[in-house]
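**Q** below: sequence and its predicted model.
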Amino acid sequence: MKKLSRVLSPLLIAFLVLGSLPVAAAPQAAPANSLVTTQDALSADQVSADRERINEMLSRQDVQDQLVAQGVDPADVEARVAALSDAEVRQMAEQLDDLPAGASVVGALVFIFVLLLVTDLLGLTNVFPFTR
């Protein structure tokens with residue numbers, strides 16, 4: 001028993017001393033420990049509301065019919081809208097706001113078609129086969 005306590009006592013003391021030492025935390029990336037401003041929070045809420053409004057507009061049956069008539073798969077459009085940056089969502093929502101009330105959906109569809117065409121030409125998507 002005495003032999004066991006001679007072996008365990010130094011080990012326990014070492015563990016207690018090492019366990020009580022302060023440990024320096026690894027430095028975090030700047031965005032992880034920076035504060036979120038009120039403007040950033042409001043902007044994020046606005047972007048999510050704009051994205052939701054765009055998705056609601058695209059889920060309408062007449063819009064879906066026009067997309068199919070233009071030869072665009074509605075699933076591809078949904079994927080592209082999901083991949084839009086915050087600035088692009090804001091710009092698209094502003095252009096939807098600029099459309100006259102009661103206007104046909106053709107203007108919005110032309111905008112979406114041009115947006116998809118530009119992203120296809122830039123090589124970001126593969127929606128239209130005639131851009132290759």
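**A** Done, it's in.

**Q** where does this protein dip in pLDDT?
**A** 24-34, 36, 97, 99-106, 132 (pLDDT under 70).

**Q** which residue ranges of it form strands?
**A** Applying DSSP state E to the chain gives no strands.

**Q** for R60, give its distance to R80.
**A** Distance of R60 to R80, given as Cβ to Cβ, to the nearest Å: 17 Å. Placement of C-beta: from N, CA and C, glycine included.

**Q** same check, this time on R90
**A** Applying Cβ to Cβ, the value for R90 to R80 is 16 Å.

**Q** dump the residue contacts of G123.
**A** By Cβ atoms under 8 Å, 6 or more residues apart in numbering, the contact list for G123 is empty.

**Q** from D50, how far off is it?
**A** From G123 to D50 the distance is 26 Å (Cβ to Cβ).

**Q** R90 and R80: which has the busier surroundings?
**A** R80 (20 against 16; other Cβ atoms under 10 Å).

**Q** surely that one is in contact with F113?
**A** No - in this structure R80 lies outside contact range of F113 using Cβ atoms under 8 Å: 11.2 Å.

**Q** longest helix in this structure, please.
**A** When the chain is parsed with DSSP state H, its longest helix is helix 38-58.

**Q** now G123. Its backbone dihedrals?
**A** Per-residue torsions, G123: phi 80, psi 10 (degrees, to the nearest 10).
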